[in-house]
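Novice: have a look; sequence and predicted model below, questions after that.
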Amino acid sequence: MPARNVPSIVSVSAFLIGVGVAQATLQVRPPGAAAPEAQAAPAPAPDKTIALTVPKGAPLEIGLDGDIRVKKAGQEIHARILQPVYAFDRLVVPAGTDVTGHISKIEPLSHKKRVFGILNGDLTPARAVAVDFTELTLADGKRIPFHALITPGSGRPIQLVSATEDAKKKNVVQGAATKKIDAAKQQARETWNHTMRQIKDPGKMRRLEQYAVAQLPARPQYLRAGTVYFAELEEPLDFGNEELSPSRMSFLGTPPPNGSLVHALLITPLSSATTQKGADVVAVLSQPLFDGDRLILCEGSRLKGTVLQARPAHHWRQNGQLRVVFRELVPPDGVEQKIVAGLESVQAGRDEHIKLDAEGGAEATTSKTRYLSTGLTLALTTASFRSHNDADDAANGQGNSGAAGGLAGLKLVGVVLTLAVKSQPVGMAMGAYGSARSVYSHFVAKGRDVVFAKNTPMEISLGAQHTPVLPTSQAKSPQPETANPTPKP
């Protein structure tokens with residue numbers, strides 16, 4: 001045998017010996033042990049672990065739980081979480097959670113604002129007040145400090161505005177999806193009302209007192225109960241980890257059932273004054289969507305849509321309109337789905353008078369109190385124009401004929417001035433000024449625009465029967481609008 005083959009034979013022999021030893025080792029088992037074919041099946045794969053983290057930039061909706069008299073910077077304030085906060089599919093910060101903060105800055109009055117305030121009989125115009133929130137207190141007493149940026153456009157009392165049902169829709173037999181949406185809306189409204197009951201909303205006597213104080217030329221400034229702020233986190237909030245079983249993940253990313261109602265926050269700011277028709281709109285789910293106990297969509301899924309209509313406000317109190325439809329659903333790290341979704345409810349400022357129609361279109365409305373307010377001002381001005389002169393007033397001891405005009409023009413400041421000078425022309429002039437201002441602001445001036453700021457909470461329904469449509473006047477148009485219409489010859 002050639003010498004060069006010796007190493008190969010030795011190597012093969014060593015390999016065979018090693019295999020034999022390994023087989024012998026594998027076959028050795030203690031007495032009484034089960035045969036290999038009778039042993040238990042391999043253990044299932046461990047559950048997936050997910051971090052329960054509220055990411056940086058996530059907004060916390062915070063509402064003041066009582067009236068706060070503004071005194072100085074550094075003053076402590078108390079508030080509550082208005083919308084629950086979720087991490088993936090878990091509730092980590094319930095609605096109603098206590099929040100503490102402070103007044104960070106009180107802006108000085110500009111010369112222009114002070115002058116206009118005096119012209120309107122207001123010697124103490126409201127100053128801009130900046131606030132900061134720093135700590136959450138959970139129900140178990142655990143305190144969670146946080147840093148957040150208060151976003152622009154917040155700091156106003158809000159209300160939940162739901163889409164109205166027209167008479168025609170009420171007479172139609174409701175389908176299963178419509179009933180499901182109505183039930184979800186009712187549950188959401190009950191949750192909202194429960195949260196708002198924790199806000200110390202003033203009673204009738206307190207509101208009457210506030211109105212009386214507001215008529216004074218000099219008065220203290222308050223941050224009212226229910227005033228809302230959106231605090232965008234500057235650092236993530238960590239609530240630990242949680243194991244997710246495969247059964248909980250099995251339906252994640254499947255198409256949502258028809259008639260589902262999702263809670264979302266608007267990412268794209270919208271305004272009927274500046275937003276163009278056809279503009280893209282994006283919202284993000286603030287709460288997970290379940291079908292029974294099955295997780296369908298987790299928090300953070302996105303809705304993409306389009307502006308169907310945008311009409312800016314005009315003079316003569318013509319208000320703005322917005323109409324939006326959502327057509328795409330994008331789960332985190334998921335596959336994009338085509339959907340049909342419409343706006344069902346939205347949070348808006350109480351002073352904005354927003355109304356939603358049955359198809360989810362938003363329109364600003366004008367308060368009917370403008371007729372009463374203007375009529376009262378005109379009546380006071382008419383009283384100041386009664387036909388008598390200063391000499392008659394002095395002779396009869398009635399130098400108060402201009403007080404009504406002063407009240408119409410500059411409120412209590414006007415009354416004091418007219419009583420001091422005892423001159424009918426002064427009262428007439430102030431009355432004419434007040435009447436002209438009231439008529440212009442209530443009937444001639446530009447109407448209200450529909451404005452939805454970033455992070456505006458919305459409720460969006462999924463289902464073909466809730467497809468937003470254009471108003472009847474536009475739907476009957478023989479030809480659709482085009483970006484560049486062809487000029488007629």
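Specialist: That came in fine, so what should we check first?
Novice: what residues are up against D238?
Specialist: D238 makes contacts with A51, L52, T53, as judged by C-beta atoms under 8 Å, 6 or more residues apart in numbering. C-beta: built from backbone N, CA, C; applies to glycine.
Novice: how about P312?
Specialist: Contacts of P312 by C-beta under 8 Å, 6+ apart are S272, A273, T274, G320, D449.
Novice: just the buried subset of those, written out for ChimeraX, thanks.
Specialist: Buried residues among these (16 or more other C-beta atoms under 10 Å), as a ChimeraX selection:
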select :272,320,449
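Novice: buried ones in stretch 116-125, by neighbour count?
Specialist: G117, N120, G121, D122.
Novice: name the helices or strands packed onto the helix or strand where R323 lies?
Specialist: Taking DSSP states H and E as the criterion, R323 maps to strand 321-330. On a contact count with 3 or more C-beta pairs under 8 Å, 6 or more residues apart in numbering; DSSP states H and E, strand 321-330 meets strand 280-285, strand 302-311, strand 337-349, strand 362-364.
Novice: and it, which strands flank it?
Specialist: Strand 321-330 pairs in its sheet with strand 302-311 (antiparallel), strand 337-349 (antiparallel), strand 362-364 (antiparallel), by DSSP bridges.
Novice: give me the residues contacting it.
Specialist: 256, 270, 272, 275, 281, 283, 297, 301-311, 336-343, 359-364, 450, 452, 460, 467-468, 470.
Novice: tell me the buried residues in that strand?
Specialist: Buried-residue list, strand 321-330, by 16+ other C-beta under 10 Å: Q321, L322, R323, V324, V325, F326, L329, V330.
Novice: again, but for stretch 65-78
Specialist: Counting neighbours by 16+ other C-beta under 10 Å, stretch 65-78 gives D65, G66, D67, I68, V70, Q75, I77 as buried.
Novice: just give me how far that stretch sits from the chain centre.
Specialist: 23 Å (C-alpha atoms, centre = their mean, to the nearest Å).
Novice: and stretch 425-432, by the same measure?
Specialist: 44 Å.
Novice: pull the CA atoms of it into CSV?
Specialist: Output of stretch 425-432 as CSV, limited to C-alpha atoms (Å, rounded to 0.1, in the frame of the first residue of the first chain):
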residue,chain,number,x,y,z
PRO,A,425,-74.2,113.5,21.9
VAL,A,426,-71.5,111.5,23.7
GLY,A,427,-74.0,108.7,24.4
MET,A,428,-75.3,108.8,20.9
ALA,A,429,-71.8,108.6,19.4
MET,A,430,-70.9,105.6,21.6
GLY,A,431,-74.2,103.9,20.8
ALA,A,432,-73.7,104.4,17.0
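Novice: rounded mean pLDDT for that stretch, please.
Specialist: Stretch 425-432 shows a mean pLDDT of 75.
Novice: repeat for stretch 137-149
Specialist: 94.
Novice: for G117, which three-state class applies?
Specialist: helix (DSSP: H, G, I helix; E, B strand; the rest coil).
Novice: wait, doesn't it sit right on R127?
Specialist: No - using C-beta atoms under 8 Å, G117 makes no contact with R127, being 10.7 Å away.
Novice: which neighbours do those two share?
Specialist: Common neighbours of G117 and R127 (C-beta under 8 Å, 6+ apart) are L109.
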